[in-house]
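Chemist: heads up, no residue letters with this:
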């Protein structure tokens, strides 16, 4: 049984159960991302037999939308500045897709990896996405554009974004 500190600092035994369980995916859930602009909105991505991005109201557990992406979803990443979502995928295209939210219209498809795109991370200024794949490479993509402050990417928090890594879709 898990323990946690009690009121007086002593460890107290207590049973811990999930507040909510969501079970609408039909394969392994491989990706999760909280929306930065809508409180309680969670995106999740399913594996090979599922291939969907699902959107949840995590406050009450409601499924808001489900989109078939055509391939396993390995990673999800929300834009810090726009209502856009980036998804990375495996077989058969090993691509990164950029989606407009909430319409889930595909804006762009970025290709270059030769194996499943396992992870993505966003630069501090929000413009550059780096992807890590099973092909043993890191690839830098100018996905989300310049930050809205008008500063150049390299000026924001001393980041590397202004060095022109990767491909730009803007």
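Modeler: Yep, it's here. Here the structure is a predicted model, which means the values were calculated and not measured.

Chemist: drop to CA atoms for contacts and neighbour counts, all remaining ones
Modeler: Will do.

Chemist: which other residues reach stretch 58-65?
Modeler: Identification of contacts with stretch 58-65 by CA atoms under 8 Å, 6 or more residues apart in numbering yields 20, 21, 22, 40, 41, 42, 54, 55, 56, 57.

Chemist: between those, which is nearest residue 148?
Modeler: residue 41 (22.8 Å; CA to CA).

Chemist: Tell me how far the closest one lies from residue 23.
Modeler: 16 Å (CA to CA, to the nearest Å).

Chemist: out of those two, which sits in the more crowded spot?
Modeler: residue 41 (18 against 8; other CA atoms under 10 Å).

Chemist: one step back: check the contacts of stretch 58-65 for burial and list the buried ones.
Modeler: The neighbour count (16 or more other CA atoms under 10 Å) marks 41, 42, 54, 55, 56, 57 as buried among these.

Chemist: Each with direction, which strands does the helix or strand harbouring the fourth one pair with?
Modeler: I take that to be residue 55. Assigned by DSSP states H and E, residue 55 belongs to strand 52-57. Sheet pairing of strand 52-57 (DSSP bridges) gives strand 41-46 (antiparallel), strand 62-68 (antiparallel).

Chemist: what ranges do the strands span in this protein?
Modeler: 3-5, 11-13, 29-34, 41-46, 52-57, 62-68, 73-78, 84-89, 96-100, 105-110, 117-122, 128-133, 138-142, 167-168 (DSSP state E).
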